[in-house]
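Novice: 3D, please:
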Amino acid sequence: MSDSNYRLERLKPILACPACQGNLLYTLDTATCQLCQAAYSIQHGKIYFVSVPERVDELDKLKGLLKKWLGRYYYTIGRNVIAPTYPFNFRGKICQRLDPARQIVVDVGCGNHRMDENIITLDFFDYDAVDVVCDLGMLPFKSDSVDAFVSRSVLEHISDNSLVIQQFNRCTRPGGLGLHLIPFLFPFHASPHDFQRYTHKGQEALFKEWEVIEQTNPTGPVTLALVCLIEFLSILFSFGQEKIKASLSLIFCVLLFPLKFLDFPFVNRRSFFSLAPTLFIVVRKSGV
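Specialist: Here you go, the predicted structure:
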């Protein structure tokens, strides 16, 4: 059995119709709701609960192409090395608290990146690495069925996060976890949209029904200065042309990324929360 089919078989007992929460009846290439009769396509071990939308933002188009062309290298080299943000071992943070081989861990908004072969990947777009294509506001899981939802720079792209958090709360088992990396002081970046920023107190308010068990700043003031400098230079030399700006952003990232490692003394220090481009939170659902 392929890895994708193995993950789908793990998911089948906890998947539900996102429209009515009815049980699904499976054939080789379709999942059909036994209540409302909605049919969802299954292709190559991947299940589609929505039609895949087109990209409209120029930066998002460029990032989408790079994710398709480069695959995992977009993340292992692009995000971890060339990106202007200080490196963050997200998989390590997950594995400190969870065992994806035994527990259902869902990476929300994964893009074309799989952190671990046992982690379930979910996205609105149809990347090769995605297991479940769906809308975050209508998650296709039974109530109290998922051990943890994790996300990295995703929640800022959701227009109504209260709805998404309600979905996390509904689908997470009592005592289950949420691990989320969310921007605070960060330039506008549509992928395909950009709506929110959260302080550490804003994160606590967002997850007000959950127990906060960890908060930290994986990035600090050097990353902040660097991302703002790259945004400024890209705007200045693009003369209002979005396609040119998207390309310039990539060029300046390649030229300037080594500076981000100067952030080492300032990360994971609560005193620098006020100058953090991104903040990381771990929360637990009550009711164990």
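
Novice: Every contact and neighbour count from this point should use C-alpha atoms.
Specialist: Fine.

Novice: Against which helices or strands is the host helix or strand of S247 packed?
Specialist: S247 is located in helix 242-256, with elements delineated by DSSP states H and E. Contact here means 3 or more CA pairs under 8 Å, 6 or more residues apart in numbering; DSSP states H and E; on that basis helix 242-256 packs against helix 58-70, helix 221-238.

Novice: Swap in 6 Å and give it another go.
Specialist: Applying 3 or more CA pairs under 6 Å, 6 or more residues apart in numbering; DSSP states H and E, one finds that helix 242-256 makes contact with helix 221-238.

Novice: What are the boundaries of the helices in the stretch 101-250 of the chain?
Specialist: Along the stretch 101-250 of the chain, counting by DSSP state H, counting those that start in this stretch, helices occupy 161-171, 200-206, 221-238, 242-256.

Novice: hang on, the earlier thing: what angle do the helix holding S247 and helix 221-238 make?
Specialist: On the basis of axes from the mean of the first three to the mean of the last three CA atoms, to 10 degrees, helix 242-256 is oriented at 140 degrees to helix 221-238.

Novice: Can you mark which positions in helix 242-256 are buried?
Specialist: By 16 or more other CA atoms under 10 Å, the buried positions in helix 242-256 come out as I244, K245, A246, L248, S249, L250, F252, C253, L256.

Novice: hang on, the second one packs against S234?
Specialist: Pointing back at K245 there. Yes - the criterion here is CA atoms under 6 Å, and K245 meets it with S234 at 5.2 Å.

Novice: CA atoms only for the longest strand belonging to the chain - export them in CSV, please.
Specialist: Ranked by residue count under DSSP state E, the longest strand found in the chain is strand 172-183. Output in CSV follows, covering the C-alpha atoms of strand 172-183 (Å, rounded to 0.1, in the frame of the first residue of the first chain):
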residue,chain,number,x,y,z
THR,A,172,-10.2,18.0,18.3
ARG,A,173,-10.7,15.3,20.9
PRO,A,174,-10.8,16.4,24.6
GLY,A,175,-7.2,17.0,25.7
GLY,A,176,-6.1,17.3,22.1
LEU,A,177,-3.6,20.0,21.1
GLY,A,178,-3.3,22.9,18.7
LEU,A,179,0.2,24.1,17.6
HIS,A,180,0.1,27.3,15.6
LEU,A,181,2.8,29.7,14.2
ILE,A,182,1.1,33.1,13.5
PRO,A,183,2.5,36.4,12.3
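
Novice: How far away from the center of its chain is it?
Specialist: Centroid separation between strand 172-183 and its chain, computed with CA atoms, centre = their mean, to the nearest Å, is 12 Å.

Novice: What pairs with it, parallel or antiparallel?
Specialist: Its sheet considered, strand 172-183 pairs with strand 146-152 (parallel), strand 278-285 (antiparallel) by DSSP bridges.

Novice: excluding its backbone neighbours, what's nearest V130?
Specialist: If the residues on either side of it in the chain are set aside, V130 comes closest to T121, at 5.1 Å by CA to CA, 6 or more residues apart in numbering.

Novice: can you pull the contacts of the one you found?
Specialist: Each residue near T121 by CA atoms under 6 Å, 6 or more residues apart in numbering is listed here: V106, D107, C110, V130, D131.

Novice: Show me which pair in those residues is furthest apart.
Specialist: Greatest spacing in those, by CA to CA: V106 and V130 (10.8 Å).

Novice: the more surrounded of these two?
Specialist: The residue with more neighbours, out of V106 and V130, is V130; 25 against 22, by other CA atoms under 10 Å.

Novice: measure the more buried one to Q21 for me?
Specialist: 22 Å (CA to CA, to the nearest Å).
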